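>>> The following comprises the amino acid sequence and a computationally predicted model.
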Amino acid sequence: MDKKHFIFIIILIGVFAISYVSCAAETVKLPNPLEGKDDIPILVGNIINYVLGILGVLALVMFIYGGLTWMTSEGSPDKIKKGKDTLIWAILGLALIFFSYSLLDFVLAALQQ
């Protein structure tokens, strides 16, 4: 393991430790997605909204990974291409997530009327 990877791992552990300590002081209460929902299309819409939210977080992670790959490429054409490709696919994935969310919002609004 070289020095850059070691420093990256130490920083990553530090971020997780700080977030764990800050979250340990508070209890987080998650909303119940099934509470008061008897209508199946609304329930399915809520589940799909949660999934799209998780996909948005994954797209953000891919942006960070692509940027880090590109920045740490040290001039290697293969790593630069890998970082650029990761960013391009993350952008396309995010566009697909936005389109899916818009389509879902339109369909659920039509079903609720």
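Great, that's in hand.

>>> How many residues are close by Val44?
Val44 is surrounded by 13 other residues when neighbours are defined as other CB atoms under 10 Å. Quick note: C-beta positions are derived from backbone N, CA and C, even for glycine.

>>> Please report how far Val44 lies from Ala90.
Here the distance between Val44 and Ala90 works out to 27 Å (CB to CB, to the nearest Å).

>>> cool, and Gln113?
Noted for Gln113: a distance of 35 Å to Ala90, by CB to CB.

>>> Could you pull out the strands in the chain for me?
Ranges of strands within the chain: none, based on DSSP state E.

>>> for it, what are the low-confidence residue spans?
Scanning the chain for pLDDT under 70 picks out 1, 20-28, 33-38, 41.

>>> Kindly list the longest helix within it.
Using DSSP state H, we find that the single longest helix of the chain is helix 77-112.

>>> List the buried residues of that one.
Of the residues in helix 77-112, those scored as buried under the neighbour-count criterion (16 or more other CB atoms under 10 Å) are Lys82, Gly83, Thr86, Leu87, Ala90, Gly93, Leu94, Ile97, Tyr101, Leu108.

>>> Among the residues you listed, which pair sits farthest apart?
Within the buried residues of helix 77-112, Lys82 and Leu108 form the most distant pair, 38.1 Å apart (CB to CB).

>>> mind listing what the nearest residue to Thr69 once chain neighbours are set aside touches?
Taking CB to CB, 6 or more residues apart in numbering, and ignoring the residues beside it in sequence, Thr69 has Gly83 as its nearest neighbour in space, at 3.8 Å. Gly83 makes contact with Gly66, Gly67, Leu68, Thr69, Trp70, Met71, Ser73, according to CB atoms under 8 Å, 6 or more residues apart in numbering.

>>> Among those residues, which one has the most neighbours?
Taking other CB under 10 Å as the neighbour criterion, Gly66 ranks highest of the contacts of Gly83 with 20 neighbours.

>>> How far away from the center of its chain is the longest helix of the chain?
Per CA atoms, centre = their mean, to the nearest Å, the displacement of helix 77-112 from the mean C-alpha position of its chain is 11 Å.
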